[in-house]
Each structure stands twice: as C-alpha cells, then as structure tokens.
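Student: I would like the atomic coordinates for the input below:
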Amino acid sequence: MMIEHLTNESFKEKVFDYEHNKEWNYQGEKPCLIDFYADWCQPCKMIAPVLEELADEYEGKLDIYKIDTESEKELAGIFGIQSIPSLLFVPKEGMPQMAQGALPKETFEKAFKEVLDVEK
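Tutor: Numbering: from 1, shown residues only. Here you go, the predicted model:
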C-alpha cells in the first residue's frame, strides 16, 4: 500500500474540514496516522521505512498519510507543528493525539492498539 501525501485540499476531504468546522470532526472511514515531515529531516527519513512496513501490515485497518510541512505550511500551522517528525494518531471516535520524534515500530503498534483501537 502506498502512503498517501496529503495536500491542504485532500486533508479537508479525508481528515478534517477545518474551514467549515470548529469542533473536531473526523471525515475518514478508518482510523489514521498522519506523519508531519520534511525532506531535509533525518529522523523523518529514519521512520519512513517503518511507516511503509506498518502501512502494509495494517492495510485495510487504518490509513497512513504524510504531510510535507514545507509545502503545506498552513496545515502545519493549524496543528502547531514545532518539531518534526510530529505524528498525529487519529481514532475513528474521539480526539486525535500527537506524538513527536522518530518512534520505534513497537511504539507505533502500541499506539495503534491503545489510541486507534486497531490490531494486526
């Protein structure tokens, strides 16, 4: 499964239309993980293959998206992204949770289970 890169427009369709909603209202059909990254960021490059593996292993159970903070400055601003990688875990119900840094694979799996209620 290819990890989809979101633009401002596709984010509003697939995740949250922040222009028309003040309250968080997730648009997706499955829980998702959003990786806020930049091409020059070494830790971002370190977790990229981990995210590819997870995308394959959890295919059909959750979506993994990437947002380039350089080209999508508005989205980065809305979420107050100060450091990258920043990882937004978005459950089907309830509020999303943000984590920062190059997390190990086990931490992603634990968060998928605890925050997103998804297991392999």
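Student: Neighbours of the closest residue to Trp24 other than its chain neighbours, how many?
Tutor: Using Cβ to Cβ, 6 or more residues apart in numbering and skipping the chain neighbours, the partner closest in space to Trp24 is Met95 (6.0 Å). Quick note: C-beta positions are derived from backbone N, CA and C, even for glycine. Residues contacting Met95 under the criterion other Cβ atoms under 10 Å number 9.
Student: same for the helix or strand harbouring Ile64, what does it pack against?
Tutor: Counting by DSSP states H and E, the element that carries Ile64 is strand 63-68. Other helices and strands packing on strand 63-68, by 3 or more Cβ pairs under 8 Å, 6 or more residues apart in numbering; DSSP states H and E, are strand 4-5, helix 8-14, strand 32-37, helix 42-57.
Student: To Glu72, which of those lies closest?
Tutor: Checking the helices and strands packed on strand 63-68 against Glu72 by Cβ to Cβ gives helix 8-14 as the closest, at 5.9 Å.
Student: Buried ones in that closest one, by neighbour count?
Tutor: For helix 8-14, a neighbour-count test (16 or more other Cβ atoms under 10 Å) marks Phe11, Lys12, Lys14 as buried.
Student: swap in stretch 21-41?
Tutor: Neighbour-count burial for stretch 21-41 [16+ other Cβ under 10 Å]: Tyr26, Gly28, Pro31, Cys32, Leu33, Ile34, Asp35, Phe36, Tyr37, Ala38, Cys41.
Student: Can you say which two of the residues you listed are spatially most distant?
Tutor: So for these, where distance means Cβ to Cβ, the most widely separated pair is Tyr26 and Cys41, at 26.2 Å.
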